[in-house]
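>>> no sequence on this one, just coordinates:
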C-alpha cells in the first residue's frame, strides 16, 4: 500500500506527470495520500492480529475442578484410596448395609480408573484394569441382589397388608371380606415363596424388614369392644387378666389356638367361630414393619392366610 502512495506522488508531482499543474500542490496531495494509506494498513494489520489472538487461551481462564483436584495428587494416592474404598465396601457388606457397599464399589472403580490413566507402565495398568473388571462384576451382582430383595419386599408388603385387613374383618365377623383378603394374602405369600426358590441369592442376609400399615391401635384395642367377640368370651379372657389383643398375644406366646393354650375350651363356652377369631387376632402384627428372617417366615404367613381362608368359608 505504501508503494501505491509513492506511485501517486510520482504521477501527480510536477508538470511531467500525467496531469499538469502546480508541482508543489501535487506533491502535497501525493504525500497526504501516502500517509493515509499507511495508517489504514497499520489499522488493518492490527485488527487481524487481535482477531487471531482471541482464539488463544487466556491466562485468566478457569481451570476445571477435576484438574484442580488432581494437582499435587499422584498415582499412589488414587490407588490407595481405591483400595480403601474396597475395604469400606466389604465392611458395609459384613454389617448388612448393602446400599453403602454399592456406593463404595462405585467409588473404588472411579479411583482405580484414574490410577490407570496416571500409571506410567503397562503392567500396572493391566493389573488395575483387572481389578476394575472384578469390581464391576461385584457391583452388578450386588445391584441384582438389592433389586431382588426390593421386589420380594414389595410382594411381602402387599401380602401383609391383605393379611392384616383379613384379620380385622375376621375378628369383626365380616366373613366375606375376610375370605377375599385371606385368599389374596395367601397368593401373595405363595408368589414370594416361588420367587425365593427360583434364585440362589441370599435374600435374607440381612433379614428383610417389610413395611406394613401401623397396627398398634388394634393391638391395644380392648377385646370386649371387638364386635366379633361375644361378651361371655371377653369375660373369660378378663378372668385370665387378658383385656387387649396385645395381652392375648403375650398370653398365648405362639401360633397355637388361644382357646387351647388358655384352656378356654374346657367347658365348651367358646364356639368354633369365636375361637377362630381369637386365633386370627394372635396373627396380628403390632408394628409398622415386620421382619422376615428366612423362607420359613414366609411359609408361616402363608399358612396363616390359608387357615383364615378355610375358617371363613
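Looks like it came in fine. Because the structure is predicted, anything quoted here is derived from the model rather than measured. Numbers count the residues shown, from 1 in each chain.
>>> just checking, what packs against the helix or strand harbouring residue 143?
Following DSSP states H and E, one finds residue 143 within helix 122-171. When contacts are defined as 3 or more CB pairs under 8 Å, 6 or more residues apart in numbering; DSSP states H and E, helix 122-171 packs onto helix 75-94, helix 98-118, helix 175-197, strand 208-211, helix 272-281, helix 295-311. Yep, even glycine has a C-beta here, placed from its N, CA and C like the rest.
>>> tell me the most buried of these?
Mean neighbour count, computed with mean count of other CB atoms under 10 Å, is highest for helix 272-281 among the helices and strands packed on helix 122-171, reaching a mean of 21.
>>> what pairs with the next helix or strand after it, parallel or antiparallel?
Using DSSP H and E, the helix or strand that follows helix 272-281 in sequence is strand 289-292. Paired with strand 289-292 in the same sheet, following DSSP bridges, are strand 208-211 (antiparallel).
>>> what comes into contact with the partner strand?
149, 152-153, 156-157, 160, 288-292 (CB atoms under 8 Å, 6 or more residues apart in numbering).
>>> for it, the averaged confidence score.
Mean per-residue pLDDT for strand 208-211: 94.
>>> same deal with stretch 122-138?
What stretch 122-138 shows for mean pLDDT is 95.
>>> spatially, what comes nearest to the most centrally placed residue in the chain if we skip its sequence neighbours?
In the chain, the C-alpha nearest the mean C-alpha coordinate belongs to residue 99, at 7.8 Å (CA atoms, centre = their mean). If the residues on either side of it in the chain are set aside, residue 99 comes closest to residue 146, at 7.1 Å by CB to CB, 6 or more residues apart in numbering.
>>> what does residue 274 give?
Nearest to residue 274 is residue 233, by CB to CB, 6+ apart, at 5.3 Å.
>>> which residues sit in contact with the one you found?
264, 269-270, 274, 278.
>>> so which of the residues you listed is the closest to residue 83?
residue 278 (59.2 Å; CB to CB).
>>> that closest one reaches residue 249, doesn't it?
No - proximity of residue 278 to residue 249 does not meet the contact threshold set by CB atoms under 8 Å, at 10.4 Å.
>>> can you give me the distance of the closest residue to residue 229 other than its chain neighbours to residue 271?
Nearest residue to residue 229, sequence neighbours excluded (CB to CB, 6+ apart): residue 223, at 5.5 Å. As for residue 223, its distance to residue 271 is 16 Å (criterion: CB to CB, to the nearest Å).
>>> same question, residue 106
The gap separating residue 106 from residue 271 is 61 Å, by CB to CB.
>>> domains of this protein?
Following the assignment in automatic domain parsing, the chain carries domains at 2-43, 72-147, 151-311.
>>> residue ranges with poor pLDDT in the protein?
Within the chain, the ranges that satisfy pLDDT under 70 run 1-73, 214-217, 254-256, 266-268, 286.
>>> about what we covered before: redo the helices and strands packed on helix 122-171 as JSON lines? Include distance to residue 243.
Formatted as JSON lines, those follow (distance: least, CB to CB, whole Å):
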{"stretch": "helix 75-94", "distance to residue 243": "45"}
{"stretch": "helix 98-118", "distance to residue 243": "42"}
{"stretch": "helix 175-197", "distance to residue 243": "24"}
{"stretch": "strand 208-211", "distance to residue 243": "29"}
{"stretch": "helix 272-281", "distance to residue 243": "13"}
{"stretch": "helix 295-311", "distance to residue 243": "24"}
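>>> closest one to residue 228 among these?
For residue 228, the closest of the helices and strands packed on helix 122-171 is helix 272-281, at 5.0 Å, according to CB to CB.
>>> what is that closest one packed up against?
helix 122-171, helix 245-252, helix 258-261, helix 295-311.
>>> so which of these is nearest residue 212?
Judged by CB to CB, the one of the helices and strands packed on helix 272-281 that comes nearest to residue 212 is helix 122-171, at 4.2 Å.
>>> now do the closest one against helix 245-252: the angle between them, please.
Angle of helix 122-171 versus helix 245-252, following axes from the mean of the first three to the mean of the last three CA atoms, to 10 degrees, is 100 degrees.
>>> angle of helix 122-171 against helix 295-311?
Computed by the same axes, to 10 degrees, the angle between helix 122-171 and helix 295-311 is 20 degrees.
>>> residue 159 reaches residue 193, doesn't it?
No - using CB under 8 Å, residue 159 is not in contact with residue 193; the gap is 10.3 Å.
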